[in-house]
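K.L.:
test case, fold it:
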Amino acid sequence: MKIVFKNMEPSTLAKQIVEEKLTPVIDRFPKLKLNALTVTLEMENSPAHAGPDLFTTWVVIKVPGARHLKLKRSDMNFYRAISLLSDGLMESLSQKHNENKRRITAPD
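P.N.:
Residues are numbered from 1 along each chain as shown. As a prediction, the model looks like this:
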C-alpha cells in the first residue's frame with residue numbers, strides 16, 4: 001500500500017491510521033495484495049475563506065486487465081474521512097464480490 005500526502009505534511013501517525021483502517025479490508029479481500037493500491041490524503045484549507053479544513057481521502061486500486069477501482073471520501077475530521085473511505089471500500093468490494101458470485105452461479 002502506497003500512501004501519498006497532498007497539501008499536508010507526511011506523518012507517521014496518519015500512515016498508522018490509514019493502515020489500521022484499511023488492513024481489515026485488505027485482509028478480507030486478499031487478492032488486493034496482488035494489486036497496486038494507492039491511498040492519497042489531502043487537506044484543503046483556504047486562506048481566502050475562513051472555515052474548517054477539509055480532509056479528502058481517496059484510494060485507487062489498479063487491477064491488471066480490468067477497470068481500476070477508485071473511491072473518494074471527504075470530511076472535516078481526518079479520522080472520520082479515513083473511516084468513511086474504509087467503510088466505502090468494504091461496501092464496494094463486497095458488492096463486486098457478490099455480483100461476481102451471482103454471475104458464476106447463475107444458471108444459463
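K.L.:
where does the chain dip in pLDDT?
P.N.:
46-51, 65-66, 97-108 (pLDDT under 70).
K.L.:
strands along that one, start to end?
P.N.:
In the chain, strands defined by DSSP state E lie at 2-6, 36-44, 54-62, 69-75, listed in chain order.
K.L.:
now the last one: how far from the chain's centre is it?
P.N.:
Once both centres are worked out by C-alpha atoms, centre = their mean, to the nearest Å, strand 69-75 turns out to sit 6 Å from its chain's centre.
K.L.:
so what strands line up beside it?
P.N.:
Looking at strand 69-75 with DSSP bridges, its partner strands are strand 54-62 (antiparallel).
K.L.:
the second one too?
P.N.:
Here strand 36-44 has these sheet partners by DSSP bridges: strand 2-6 (parallel), strand 54-62 (antiparallel).
K.L.:
so who does the closest residue to Val63 other than its chain neighbours touch?
P.N.:
Distance criterion C-beta to C-beta, 6 or more residues apart in numbering; nearest residue to Val63, sequence neighbours excluded, is Asn35 at 5.3 Å. The way it works is simple: take the backbone N, C-alpha and C, and place the C-beta from them, glycine included. By C-beta atoms under 8 Å, 6 or more residues apart in numbering, Asn35 lies in contact with Ile61, Lys62, Val63, Pro64.
K.L.:
same thing but 6 Å
P.N.:
Ile61, Lys62, Val63 (C-beta atoms under 6 Å, 6 or more residues apart in numbering).
K.L.:
looking at the strands of the chain, which is buried most?
P.N.:
strand 54-62 (a mean of 19; mean count of other C-beta atoms under 10 Å).
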